[in-house]
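Student: Sequence and computational prediction follow.
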Amino acid sequence: MPVYIRKNVNFTPPSIDNFPLEDDEDYITDPDQLLDRLPQPYRMIDKVLSQWYDEVWQIIEKRENERLEESRRIRAPQYECSAQMESQGRACCVCDSVDGRYIFIGQPRGLSAVDVQTQEKVASWEEESVDIHYVKAYLIGVQVYLVVTIDDMGFARLLIFGGDKFYFVKILNEFQKGRGGAHRPIFSNPAHGEGGTKLIISKCEASRNGDYLGAMFENPETAEVWLEVYKLPRDAWLNELESVLTKKEEKSEEDQGTDTQAPTDQEAPTPQNEVEPPPAATQSRKHSLSRGSSRLSVYTNTTNYEESTGGEKHTPKLSPTSVVMKLKPPPSMSELRQKGNPASSIHSACQKVDSGEVIGTGVNHILTPNHKDMRKEVFAHLHDNLMEYLPKEEEAEPLEDVNFHFMTAGRLVPTGLEQQSQIGLPTTIAVWWKGSTHVVHYSLLKQHKDFDVKPDLVWPYLSPVTSSAISDDTSLLAVGFENGNIIIWDRYLGIQRGIVNIMDRVKIVQLTFLDPNICPQNLDDYQPYRTKTSTHLLALCDNGALYIMMSGPGLELDPICITPPVESEDDIFTMVQPIPGMHDLLITVLKSGKVQIRDTLQGTVLCEPVLPKSHELMTPWDPVVAVGAMGQVLFLKGNNKDYGEEEGGDQSESAGALFMYQMKLFPTLDSYMSRRRDKVSQTVHAKIENRIEALMKERIAQQGLRKHRMQERWGNMKEEIWSILQYKDMAEKKADNRPEIHYKRVRNLSQTPGSMGWTPFFRN
């Protein structure tokens, strides 16, 4: 029991402000400690030992700091750029294609595609007053890409890049054609024209193969946000582009056959914002756009690039997108406590209560605002004299950010699991809002009304969700929390793979699943077919620490720290990204502007790509970095240090440049470049036919060993029979040597063996 003893007060103080300062010795947990002081000379010995221990600890601390400083002096080798792309000096964002063939560069007034191997511009899409600040590419066909862009005004555009040309699809913020056929964004209320409220898109991401797309809308006037999910007609777009490019090929062949005709001044119409290469520099090659076996010829331009400006432009008619659902953010806990259910009556509140089929989010309850107000009034009346001491209620931050993942069917949400047409296609979307404690799953195959979507699965947690990650095949889902916990779900089997606490009071800010080909697989002795797959999970904390852990069925999550917490704010990671095609390498960017390439499993710095002394990394807190050619080429955007804003700023190409690094020429990465990486699937699904076939193959392969095992068995059987016979003889001899016991019959029938008066007689 804690006891408080005030030692320095011998009189009643006139005021509470005159109390002397309290020290730690005023609080003790055992009253007997006042009498248990060490006598001399033990008190002096204890003091000497404590002083000696403090001095030794200072020496150890000094040596550890010296060793740490010495280790920091060993710097990783630095490599300079191999080429400088000054023509792309105005790049605002860079994105690589999934297959590593191209990089897409967002610039003021448009977008361009550059070939990674030749570093030449292949195609461009231009529009006045459009500064692309975000670009992301998705592979929807063979060398056909869906490009999603967001400009500085918050307008999201969809484009398709195929046949070395850009094709404009639509603007998601509602658009209409203006004069000259140009697409012009309009506002949320078309009746108000340009005087209405402009909607802004702050996040726009698509599924892995471009089947679905999610966009977060914001209304600046009402501060409302919501998430819209679109169904993209991917296969229809591929077929339509195939027909367009086939017609262009046929027309070009007809033009080549008519050599005697004189050239005309007017050019044939080309798709809107499409760059038509000159005939002398074009070459035809075959590309397969759709999943089928259909082929088409497209024109490529790798030399003597020119832009066509003449002629009237038009856009090929593409199939429209369709809205699947609209999701509003859930109210915060403070709003639920203050406002309650916005229903007008108890009857309407009971109608909105969840049916209980799934765990709810806690929004639809029967506590109405009138009930909340009455409770506040009663509380204020009962505690009127103490209301002034209550802390002021802090206004909750609005949920302004959303994170979502498109996932295939699994055991958790089995809708579409048994449908052959849905194999490999997204059927579920997992959504969590910033500051929320729920991860909500919605089915993409159900029909929903606007803003009236009920979740199919809800994961409630105690701590707010701060990060999440999904594996490439969407079979694994990891969720990170504000309290340092990480949970990994196996969606394919519908179970948890584990939960682990990285560190107390540390926020998980980023999670990344690595390729399973760098993780040792635990192959079972039985069955002959694989049933399990393990992979690594990379976790980044807000204190700069980097952890890696192995996630596998039946394995405990054991986080390993590969980078300790940082002491300086300049050493905090602003970007941690595995290199595509080589997940055993990490590219990291520090807040100070350093770019490092690290070993994923060890965390050691292998090398540092450096910019020329006249340049510095553009916006280290949000760097412009891309890796092309499946980890072979690195692109960095640098700004000129000597170029001032008064001379034009970033609007001029001389303000910066895009630097290219040939990573395959880095000597410290030779062992990684030559390493063999076999493809390992994360989802292992063995059908009954495959299992029977694997078992039969194993049985046939073991037939050669059966003869040897039979001979060995027959040879051991003689020894076993002899041992059995010997054991039988020994048992008979022991039975013969046992003493005989005779019992005397008792005539008194009331006495039975074991009762009083009954005694057995023994005779040898």
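Tutor: Thanks, I have it. Keep in mind the model is a prediction, meaning the values are calculated, not measured.
Student: Double-check that Ser243 belongs to a strand.
Tutor: No: assessed with DSSP: H, G, I helix; E, B strand; the rest coil, Ser243 is helix; it does not lie in a strand.
Student: What count of nearby residues applies to it?
Tutor: 13 (other CB atoms under 10 Å). Every residue, glycine included, has its C-beta placed from N, CA and C.
Student: got it, and the one 5 residues further on?
Tutor: As a burial measure, the neighbour count of Lys248 was computed by other CB under 10 Å and equals 20.
Student: got the CA positions of the helix or strand containing it in PDB?
Tutor: If you go by DSSP states H and E, Lys248 is part of helix 234-257. Only the C-alpha atoms of helix 234-257 are listed here, as PDB (Å, rounded to 0.1, in the frame of the first residue of the first chain):
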ATOM      1  CA  ARG A 234     -11.600  -2.900 -70.000                       C
ATOM      2  CA  ASP A 235     -12.300  -5.600 -72.600                       C
ATOM      3  CA  ALA A 236     -14.600  -3.300 -74.500                       C
ATOM      4  CA  TRP A 237     -11.900  -0.600 -74.600                       C
ATOM      5  CA  LEU A 238      -9.400  -3.100 -75.900                       C
ATOM      6  CA  ASN A 239     -11.700  -4.200 -78.700                       C
ATOM      7  CA  GLU A 240     -12.500  -0.700 -79.700                       C
ATOM      8  CA  LEU A 241      -8.900   0.400 -79.800                       C
ATOM      9  CA  GLU A 242      -8.100  -2.700 -81.800                       C
ATOM     10  CA  SER A 243     -10.700  -1.800 -84.400                       C
ATOM     11  CA  VAL A 244      -9.500   1.900 -84.600                       C
ATOM     12  CA  LEU A 245      -5.800   0.900 -85.000                       C
ATOM     13  CA  THR A 246      -6.700  -1.800 -87.600                       C
ATOM     14  CA  LYS A 247      -8.500   0.800 -89.700                       C
ATOM     15  CA  LYS A 248      -5.500   3.200 -89.500                       C
ATOM     16  CA  GLU A 249      -3.200   0.400 -90.600                       C
ATOM     17  CA  GLU A 250      -5.400  -0.400 -93.600                       C
ATOM     18  CA  LYS A 251      -5.600   3.200 -94.500                       C
ATOM     19  CA  SER A 252      -1.800   3.600 -94.300                       C
ATOM     20  CA  GLU A 253      -1.400   0.500 -96.600                       C
ATOM     21  CA  GLU A 254      -3.700   2.100 -99.100                       C
ATOM     22  CA  ASP A 255      -1.800   5.400 -99.000                       C
ATOM     23  CA  GLN A 256       1.500   3.500 -99.600                       C
ATOM     24  CA  GLY A 257       0.000   1.700-102.600                       C
END
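Student: Could you check how many residues crowd around the closest residue to Met582 other than its chain neighbours?
Tutor: Spatial nearest neighbour of Met582, chain neighbours left out: Gly631 (4.2 Å); criterion: CB to CB, 6 or more residues apart in numbering. By other CB under 10 Å, 21 other residues sit near Gly631.
Student: and if you look at Ser436?
Tutor: Ser436: 22 neighbours (other CB under 10 Å).
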